[in-house]
Each structure stands twice: as C-alpha cells, then as structure tokens.
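# One predicted model, sequence on top.
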Amino acid sequence: MTQKLSLAAALILALGAALWLGQPRTPAMTDLGPLAASAQEATTSEAPSTAPLPEVPDMVLGTADAPVTLVEYASYTCPHCAHFHETVFKDLKKDYIDTGKVKFVFREVYFDRYGLWAAMVARCGGETRYFGISSMLFDQQKEWAASEDPAAVVENLKKIGRTAGMDDATIQACLEDAGMAEAMVARFQENMETDKVEGTPTLIIDGEPHSNMSYEDLKVILDGKLAG
C-alpha cells in the first residue's frame, strides 16, 4: 500500500509556496509556529529578499556510474515508507547499492509540515549525516511524529538532531531557514509533476515508475535490468 498525495495536501503545499514566493521571506513563512514567532518582529520591517533560492541537491548513495538508477520518493511521515525502509531498503543497500550495482537517489515528499521539518533536520546535517538521520527518522517515526503538538514534534526532531551530533542552535537555524523551506517545497513540486508521483513510496527504476513492493519483487526487477 502507499500513502496518496491528496488534493488537499497538494493545495496546502501550493498555497505555502505561493505565500513564500509572493511575500517577503521571513521565518514565519515556514509555518514553524513557535519557532518563528520570536524572529517575526525583527524581520517584518526589512525589504523583501531578492536573493536566489538555495540549491536543493538530490541525496545520493552508491556509485555515480552504476548500471541501474533507482529514485525513491518518500515522506518521513508516511508509515508505508517507514515499513519500506525497515523491510526493503537495508537489503537493497547491502546487495545492490554498496556493491556498485545501483545508484540510489532519495527525494523527499512533504504531505505536511512535520514531514518538511524532518527533511530540514536531515539536510541540516549535510550530505555525510543525511542518510544516518534519515534512518533514525524512519526508525523512530511512531515516536517523533506521534504528537499533535507542533512544539513537541520540534523537540522530538531536535533530539534526533542531537543524536546525530548537532547542537540546538544549529538545528534551530536550519528549521528557521525560510529560503531553504521555500526551495525544498518548490523542488518537491517540480519533481512530483515531472515524475507524476501520486503516492509514497514511489520507485523510479531507470525511468520506469513502480509502486511499493517487497524486496523479493524489487530484486526481480533489478536483476532483470542488470542482466539486460
């Protein structure tokens, strides 16, 4: 099963991007609630930023020239994605990515602000820490994302960031980076439309889309690509 991208979720994300693009960028624009409140007053008198948005690179594991490329679209708040990473990804990494057979590209999907915040914390650690933080986010999804209180979720995410070796000031700065949030949402929307992603997890294997599957089924597809 997959988590579907509902029309409501798409509209929420589109509205968020429109607000960011159409108004001065301040921390409040990231919908970070209590995180941004203290900074809002200090930034409202400033002129709109004309700086270009930061780049949002794909996060990649494996050999650049591997014979097969697998792109995964996943949300950190999607239970099916967490299950995929528990039951499929670890063997995929061991048998195909680490052996140079598959280049793995991970692209985040944002169903909600919790998922966006989690991705911002993961990216806060840089490329060297990203997949370690990503694993913790999936492994601990039921714990960190369970609360309906946004402040509690932020604190849970900070705990994961601390475990990865970051301090609170670094994590907070990443969460309040409105420009990065805007760029991440814009990149997500662009990729989603290009690859026609309708649910998560979605796998794009050498350009061919596939829905969630078992490791056994994925192995058949990959071995077929490698043999061909």
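Sure, I can see it.
# With adjacent residues omitted, what lies nearest to Q140?
I160 (6.8 Å; CB to CB, 6 or more residues apart in numbering). To be clear about C-beta, it is placed using only N, CA and C from the backbone, and glycine gets the same treatment.
# following the worst-scoring helix or strand of the chain on mean pLDDT, which helix or strand shows up next?
Least confident helix or strand of the chain, by mean pLDDT, DSSP states H and E, is helix 34-43 with a mean of 33. Next in sequence after helix 34-43, counting helices and strands by DSSP states H and E, comes strand 59-61.
# Next, count neighbours for the nearest residue in space to E127 that is not next to it in sequence.
Computed as CB to CB, 6+ apart, the closest residue to E127 that is not its neighbour in sequence is M59, at 7.0 Å. Using other CB atoms under 10 Å, M59 is surrounded by 17 other residues.
# who's in contact with M59?
The neighbours of M59, taking CB atoms under 8 Å, 6 or more residues apart in numbering as the test, are 105-107, 123, 127, 130-131, 134.
# What of V105?
Taking CB under 8 Å, 6+ apart as the criterion, V105 is in contact with 58-60, 69-72.
# nearest spatial neighbour of it, skipping sequence neighbours?
V71 (4.4 Å).
# Next one: that neighbour from K159, what distance?
According to CB to CB, to the nearest Å, V71 stands 30 Å off from K159.
# who has more neighbours, the two?
V71 (21 against 15).
# helix, strand or coil for the more buried one?
At V71 the chain is in strand, as set by DSSP: H, G, I helix; E, B strand; the rest coil.
# how about the helix or strand harbouring S134: buried residues?
For S134, the element it lies in under DSSP H and E is helix 126-139. Residues of helix 126-139 classed as buried: 129-131, 133-138 (neighbour count, 16 or more other CB atoms under 10 Å).
# of all those, which comes closest to K101?
Distance to K101 across the buried residues of helix 126-139 (CB to CB) is lowest for F131, with 17.8 Å.
# pLDDT value on the closest one, please?
What the model reports for F131 is a pLDDT of 98.
# Would you confirm that it contacts L61?
Yes. If you go by CB atoms under 8 Å, F131 and L61 touch, sitting 6.3 Å apart.
# Can you pull the residues that touch both of these two?
With CB under 8 Å, 6+ apart as the test, F131 and L61 both reach F106.
# Spatially nearest residue to M184 (excluding sequence neighbours)?
Excluding the flanking residues, the one nearest M184 by CB to CB, 6+ apart is V56, at 5.3 Å.
# Measure how buried that neighbour is and give me the count.
By the criterion of other CB under 10 Å, V56 has 20 neighbours.
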